[in-house]
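>>> Build me a model:
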Amino acid sequence: MAAQILSETDFPDGDLWVFGYGSLIWNPGFDFVERVPARLIGEHRALCIYSFVHRGTPERPGLVLGLDRGGACQGLAFRVARERREETVAYLRAREQVTSVYREVMRSVWLKNQSRQRVSALAYVSDRGHDQYAGRLPLERQLHLVRQGHGASGANTDYVLATVKALEGHDIHDGPLHQLAARLRADAGHA
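Predicted coordinates for the structure are as follows:
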């Protein structure tokens, strides 16, 4: 399945905003000029992607975050200088589009800064038609997948716990993700 990516004309002429809702919050991996709390409306953060590379394998998949249809998502918007845009997009495509499970899109996000401005930001949204789209899974199934998942970027449990820690560091509460993290911490005796 071919990656669903934007054309060069879909990007703004100036600086590029990138919306982070998961591991980009704690490990962006690219240079940015500023980082601002932001809200995206119309999609929500969900553990809805089977991970076959970064946090699992096809034989023992993990479970990672995607933006899924409906609701809203609190995250961070990163402003990338215009001269770093091309290399940043190339980096994000290599990282996020390994198996083409995300659609690369521009979305309106509202910055939680003094001006409360709306900007268009690059985001990676779940492709509901992809084989790795897991949809909404019960908590016990999520726990099973996260506990078993281990891939090129490490243990799936570490990914979930690092994401929740980063969210908490930015005063973002995600009920379902925090519930899962509490169970994982209990497993490790860190409740």
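
>>> Tell me, what's the model's pLDDT at residue 2?
Looking at residue 2, its pLDDT stands at 69.

>>> Renumber starting at 44 from here on
Sure, I'll start counting at 44 from here, so that last one is residue 45.

>>> Show me where this structure dips below the pLDDT cut-off.
By pLDDT under 70, the low-scoring segments of the chain are 44-45, 233-234.

>>> who touches residue 55 in this structure?
Each residue near residue 55 by CB atoms under 8 Å, 6 or more residues apart in numbering is listed here: residue 163. Yep, even glycine has a C-beta here, placed from its N, CA and C like the rest.

>>> ok, 6 Å please
Neighbouring residues of residue 55 by CB atoms under 6 Å, 6 or more residues apart in numbering: there are none.

>>> did I read that right, it in a strand?
No: looking at residue 55 with DSSP: H, G, I helix; E, B strand; the rest coil, it is coil, so not inside a strand.

>>> Please report how far it lies from residue 123.
Counting by CB to CB, to the nearest Å, the gap from residue 55 to residue 123 is 11 Å.

>>> buried residues in stretch 61-79?
Residues of stretch 61-79 classed as buried: 61-69, 71, 73, 75, 79 (neighbour count, 16 or more other CB atoms under 10 Å).

>>> among these, which are in helices?
66, 67, 68, 69 (DSSP state H).
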